[in-house]
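Asks: pasting a predicted model and its sequence here:
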Amino acid sequence: MSYIVETKHLSFRYRTAPAPSLVDVDLGIEPGTTLGLVGESGSGKSTLIRVMCGLIPVAPGAVRYQDRDVVDWLQQDGRTFRRQNQLVFQNPASSFDPRMTMATALAEPVKALEQRTPTTSELVSRLEQVGLNAGVLNRHPHQLSGGQVQRVAIARALLVGPQLLYADEPTSSLDVSVQAQVLNLLMELRRTLGLTLVVVSHDLALVSRVCDRVAVMLSGAIVEAGPTAEVLREPKAPYTQQLLAAAELVSLSQEDANQ
Ligand SMILES: Nc1ncnc2c1ncn2[C@@H]1O[C@H](COP(=O)(O)OP(=O)(O)OP(=O)(O)O)[C@@H](O)[C@H]1O
C-alpha cells in the first residue's frame with residue numbers, strides 16, 4: 001500500500017505537559033482520500049496533524065511524506081514540503097492579521113514559499129475557485145462573514161499548490177447553514193484538484209458525511225480506524241461505540257426539535 005503520509009510508532013510529549021499527547025500512533029493515508037480524525041477535546045487530534053505537517057518537530061523515522069522522512073524534507077526541501085502540506089484552522093478570523101487586506105494576506109504564503117509576488121489574476125482565480133470574487137481583495141477580515149473568511153483561508157492554502165490539506169475543525173466556529181457549504185466546498189476541491197484531505201472534528205456525524213475513512217483518537221492513541229461506513233456500522237472500540245451513541249442522541253433530539 002502506498003501512502004501519501006504515514007506515521008510509525010509516533011509518540012510525542014510537549015515539554016511542559018505531564019503526559020504524552022501522542023502514544024504509538026500508526027496511521028497511513030492514501031492519496032486522494034479524505035480522512036476524518038475524531039475524538040474528544042484533548043485527545044491529540046490537533047497535535048497529530050501539526051506533527052504530520054511538520055509544524056511540531058519530532059525525531060526522524062516517525063513521519064514519512066511521499067516516502068521520505070519529514071525531518072529530511074524540512075532540512076533539505078522545507079519550502080516544497082510546506083507548499084504541499086497546508087493547514088486551515090478552526091477559527092478563520094484568528095488566521096488573519098486584522099490590519100491586512102485580504103490581497104496582502106493571500107499573497108503572504110506565496111511570497112514566503114515561492115519567493116515571488118502572485119498576480120492579481122492568480123488571486124482572483126483562486127477566490128473564484130472557493131466561490132468568492134475580486135470584491136474581497138481590498139477588504140479586511142472584519143468586513144467579511146465567518147464563512148467568507150474561511151473561504152479566503154482555503155483559497156490562501158490553495159495558492160501554493162498543496163497535495164495535502166489539513167482542516168482543523170474547519171466549520172466549528174461557523175453557523176450550521178454555513179458549515180455545510182464550507183464542507184461541500186472542501187469535498188468539491190478534493191475532487192477537482194485531486195487533493196488528499198484530513199478533517200479534524202469532534203463531530204462524528206459530520207465526518208460520516210464527508211470522509212472515506214475515519215480514525216478515532218482517545219488519550220493520544222488511535223483506538224479504531226477504518227472505512228467510515230464500516231466503523232459506523234460495527235464500531236469495535238468501546239469509545240467509538242460511546243461516540244456513536246452520543247451522535248445518535250444528538251440527531252434524535254434535533255429531529256424532535258424539528259417536529
Ligand atoms: N502547546 C502545548 N503545550 C503543552 N500541552 C499541550 C499543548 N498543546 C496541546 N497540549 C496538550 O496535548 C493534549 C492534546 O491536545 P490537542 O490540542 O492535540 O487535542 P485535540 O484533540 O486537538 O483537542 P481539541 O479538540 O480541544 O482541539 C492535551 O492534553 C493538551 O492539553
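Replies: That came in fine, so what should we check first? Given the structure is predicted, the values throughout are model-derived calculations rather than measurements.
Asks: what pairs with the nearest residue to Leu27 once chain neighbours are set aside across the strands?
Replies: Spatially, and ignoring its direct neighbours in sequence, Leu27 is nearest to Thr7 (4.9 Å; C-beta to C-beta, 6 or more residues apart in numbering). Every C-beta, even on glycine, is put in place using the N, C-alpha and C of the backbone. Thr7 has these beta-bridge partners by DSSP bridges: Leu27, Val63.
Asks: tell me how many other residues surround Thr7.
Replies: Applying other C-beta atoms under 10 Å, we find 23 residues neighbouring Thr7.
Asks: for the stretch 101-250 of the chain, which residues are neighbours of the ligand?
Replies: Counting by C-beta under 6 Å from any ligand atom, the stretch 101-250 of the chain comes close to the ligand at His202.
Asks: where does the prediction get shaky in the stretch 101-250 of the chain?
Replies: Applying pLDDT under 70 to the stretch 101-250 of the chain picks out residues 170, 249-250.
Asks: and the residue of it closest to the ligand?
Replies: In the stretch 101-250 of the chain, the residue that lies nearest the ligand is His202 (5.5 Å; C-beta to the nearest ligand atom).
Asks: what about the strands in the stretch 151-259 of the chain?
Replies: 164-168, 196-201, 213-218, 221-227 (DSSP state E, counting those that start in this stretch).
Asks: mean neighbour count for those strands - can I get that in TSV?
Replies: Supplementary listing: those in TSV, determined by neighbours: other C-beta atoms under 10 Å:
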stretch	mean neighbour count
strand 164-168	24
strand 196-201	24
strand 213-218	24
strand 221-227	18
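Asks: to Gly32, which of the ones you listed lies closest?
Replies: With C-beta to C-beta as the measure, strand 196-201 is the member of the strands of the stretch 151-259 of the chain nearest Gly32 (5.9 Å).
Asks: what lies in contact with the closest one?
Replies: Contact with strand 196-201 is made by 4-5, 29-38, 45-46, 49, 52, 163-170, 172, 186, 190, 206-207, 210-211, as judged by C-beta atoms under 8 Å, 6 or more residues apart in numbering.
Asks: restricting to C-alpha, output that strand in CSV.
Replies: Taking C-alpha atoms only, strand 196-201 is exported to CSV below (Å, rounded to 0.1, in the frame of the first residue of the first chain):
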residue,chain,number,x,y,z
THR,A,196,-5.9,14.5,0.0
LEU,A,197,-7.9,15.8,2.9
VAL,A,198,-7.6,15.3,6.6
VAL,A,199,-10.5,16.8,8.5
VAL,A,200,-10.2,17.1,12.3
SER,A,201,-13.6,17.1,14.1
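Asks: just to revisit the earlier point, the residue of the stretch 101-250 of the chain closest to the ligand: neighbour count?
Replies: 16.
Asks: hmm, it is touching Ser41, no?
Replies: Yes: counting by C-beta atoms under 8 Å, His202 touches Ser41, with 6.6 Å between them.
Asks: returning to that earlier point: in helices only, show me the contacts of strand 196-201.
Replies: Under the assignment DSSP state H, those contribute 45-46, 49, 52, 186, 190, 206-207, 210 to helices.
Asks: re the thing from before, who's in contact with the residue nearest to Leu27?
Replies: 25-28, 48, 51-52, 62-64.
Asks: repeat that for Val25.
Replies: Contact analysis of Val25 by C-beta under 8 Å, 6+ apart lists 7, 9-11, 44, 48, 220-222.
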